[in-house]
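1. pasting the structure only:
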């Protein structure tokens, strides 16, 4: 073997940017290469956030489907990996929020012990249903910010770090989320639920 002809290098592989462009033109094989290239990292990120192998696999696969659907929104194809991992993180956070909501105590358990009687229980149940519907109208980021800040008591600095945005954007998302919730619920109901 001659020194002038080295073995194939990683640089001989197509770049992420070229694979993204080929995929945009309809080349499914190019996207398959992107999946094989980045699946392990995407899976590790999902697993780190969810701590469950099956859920991490589901979120990871869902993230790749979303990435393919939204590939035209990837403004910097050379940074496809970073863009993809943001989708993975968002899908994992959404999944975790969904699981947390589902794993909460059943409404019957919560209302059975309330000291205010049946009328207050019915009112709280109706308010909870309206709140869940209103939260469903928010964007995923707005929903995460308002839940972390108003229900869990997180500071904007902590939210910004977790969601990888600036503190200013965290404040803007909270403002927009509260405004939309007030439009759907009214000020009194919102303050009662969030204890503002």
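-> Structure's in. What do you need? It should be emphasised that the depicted structure is a prediction, and the values quoted were computed from it without experimental measurement. Numbers count the residues shown, from 1 in each chain.

2. next secondary structure after the lowest-mean-pLDDT helix or strand in the chain?
-> Using mean pLDDT, DSSP states H and E, helix 107-112 stands out as the lowest-scoring helix or strand of the chain, at a mean of 49. Proceeding N to C from helix 107-112, the next assigned helix or strand is helix 118-136, under DSSP states H and E.

3. go through the helix or strand that that next one is followed by and flag the buried ones.
-> Once helix 118-136 ends, the next helix or strand along the chain (criterion: DSSP H and E) is helix 140-146. Buried residues in helix 140-146, counted by 16 or more other CB atoms under 10 Å: 141-146. Glycine gets a C-beta too; all of them are placed from N, C-alpha and C.

4. please pull up the helix or strand immediately following helix 140-146.
-> helix 156-163.

5. what's that next one packed up against?
-> helix 140-146, helix 167-185 (3 or more CB pairs under 8 Å, 6 or more residues apart in numbering; DSSP states H and E).

6. distance from the chain centre to it, please.
-> Here helix 156-163 is found 14 Å from its chain centre; the criterion is CA atoms, centre = their mean, to the nearest Å.

7. what do you get for stretch 160-169?
-> Distance, centroid of stretch 160-169 to centroid of chain: 13 Å (CA atoms, centre = their mean).

8. residue 138 and residue 180 touch, don't they?
-> Yes: counting by CB atoms under 8 Å, residue 138 touches residue 180, with 6.0 Å between them.

9. between those two, which one's more packed in?
-> Neighbours were counted for residue 138 and for residue 180 using other CB atoms under 10 Å; residue 138 has more, 20 against 17.

10. now do the contacts for that one.
-> 146, 177, 180-181 (CB atoms under 8 Å, 6 or more residues apart in numbering).

11. identify the farthest-apart pair in those.
-> Of all pairs drawn from the contacts of residue 138, the greatest distance, 9.2 Å, lies between 146 and 180 (CB to CB).

12. on that earlier part again, mean pLDDT for the helices and strands packed on helix 156-163: which is lowest?
-> The minimum mean pLDDT among those belongs to helix 140-146 (a mean of 80).

13. roughly how far apart are residue 176 and residue 140?
-> The gap separating residue 176 from residue 140 is 13 Å, by CB to CB, to the nearest Å.

14. no wait, residue 58
-> Counting by CB to CB - residue 58 and residue 140 are separated by 17 Å.

15. can you check residue 76 too?
-> For residue 76 relative to residue 140 (CB to CB), the value is 22 Å.

16. go on, residue 16?
-> As judged by CB to CB, residue 16 and residue 140 stand 25 Å apart.

17. where does the protein dip in pLDDT?
-> Counting by pLDDT under 70, the chain shows low-confidence ranges at 1-11, 102-118, 121, 186-196.

18. domain ranges for it?
-> According to automatic domain parsing, the chain comprises the domains 14-100, 109-194.

19. kindly check the end-to-end length of the first one for me.
-> Start-to-end span of domain 14-100 (CA to CA, to the nearest Å) is 41 Å.

20. separation between the residue nearest to the spatial centre of the chain and residue 66?
-> Centroid-nearest residue in the chain, with CA atoms, centre = their mean: residue 90, separated by 2.4 Å. Residue 90 is 9 Å from residue 66, where distance means CB to CB.
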